[in-house]
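Peer 1: make a model of this:
(chains A and B)
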Amino acid sequence: NSKVIQTPRYLVKGQGQKAKMRCIPEKGHPVVFWYQQNKNNEFKFLINFQNQEVLQQIDMTEKRFSAECPSNSPCSLEIQSSEAGDSALYLCASSLLTHYEQYFGPGTRLTVL
Amino acid sequence: GDSVIQMQGQVTLSENDFLFINCTYSTTGYPTLFWYVQYSGEGPQLLLQVTTANNKGSSRGFEATYDKGTTSFHLQKTSVQEIDSAVYYCAMRDRAGGNYKPTFGKGTSLVVHP
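Peer 2: You can find the predicted model right below:
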């Protein structure tokens, strides 16, 4: 069973508000991924890290989204100014190597009113 | 670029029916292929994976064979149970350098009636 911890499980924000969620990867996993899963179950890759360094990120992430994985602290994903279209399940996953299997957390369900 | 195609959005079966979920992929690299399963209210979890062509992965009664010739990695189970109701994702990760982003299919929702 995965031991990736995501908090909070549920997050409700108004439009324009900041939304921040956290992830503690499996112990010993240096690679962390963030995904957005929409109501149709489709995954959208947002960003990934190896240790504290960004490996890849999509354009959306560069604009309103920010993420970090500081040493000895939880990883985080923050939306600077939430929009209704950001309502989704945000999944964090960790991996031993970039091409190995990923271990997912239960997700943070964001609702933007 | 890399792509994974799952044509079936939803599959509805009765217990003890045979399950087949189609998955095809496209890549110019060296793929590792995965099936993940997501139960309601949970994050996805790995069901099985293979890295070498013609290899078969199996877990909990599910099987998938990596066919390099047809670029397919279909999922099968001989006899499904109600507890198998979940969303199944085919995924691919290119082992060649430079692209660290895994590619997921759109998912197939399996509903098994008792």
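Peer 1: any idea which residue is closest to the centre of chain A?
Peer 2: residue A:34 (3.5 Å; CA atoms, centre = their mean).
Peer 1: now it: closest residue in space that isn't a chain neighbour?
Peer 2: Distances taken as CB to CB, 6 or more residues apart in numbering or on different chains place residue A:46 nearest to residue A:34, at 4.3 Å, with adjacent residues excluded. C-betas here are computed from N, CA, C, even on glycine.
Peer 1: what's around that neighbour, how many residues?
Peer 2: For residue A:46, the number of neighbouring residues by other CB atoms under 10 Å in any protein chain shown comes to 21.
Peer 1: residue contacts, it?
Peer 2: Contacts for residue A:46 (CB atoms under 8 Å, 6 or more residues apart in numbering or on different chains) come out as A:34-36, A:57-58, A:60-61, A:65, A:67, A:77.
Peer 1: pick out the lowest-pLDDT one from those residues.
Peer 2: Within the set of the contacts of residue A:46, pLDDT is lowest for residue A:61 (61).
Peer 1: so who does the residue in chain A that chain B sits nearest to touch?
Peer 2: Chain A approaches chain B most closely through residue A:104 (3.4 Å), counting by CB to the nearest CB. The contact partners of residue A:104, by CB under 8 Å, 6+ apart, come to A:2, A:4, A:91-93, B:36, B:43-45.
Peer 1: look at the closest residue in space to it that isn't next to it in sequence and say how many residues are nearby.
Peer 2: The shortest distance from residue A:104 to any non-neighbouring residue, by CB to CB, 6+ apart, is to residue B:43 (3.4 Å). Residue B:43: 22 surrounding residues under other CB under 10 Å.
Peer 1: can you tell me how far residue B:43 is from residue B:105?
Peer 2: According to CB to CB, to the nearest Å, residue B:43 stands 17 Å off from residue B:105.
Peer 1: where do the helices sit along chain A?
Peer 2: Using DSSP state H, the helices assigned to chain A run over residues A:59-63.
Peer 1: where does pLDDT dip in it?
Peer 2: For chain A, the stretches flagged by pLDDT under 70 are A:1-2, A:60-62.
Peer 1: low-confidence ranges in chain B?
Peer 2: B:97-98.
Peer 1: who in it is up against chain A?
Peer 2: With CB under 8 Å from any CB of the partner chain as the criterion, chain B meets chain A at residues B:32, B:34, B:36, B:38, B:41-46, B:49, B:87, B:89, B:93-95, B:99-102, B:104, B:106-107, B:109.
Peer 1: in strands, which of those residues fall?
Peer 2: Among these, the members falling in strands (DSSP state E) are B:32, B:34, B:36, B:38, B:45-46, B:49, B:87, B:89, B:93-94, B:104, B:109.
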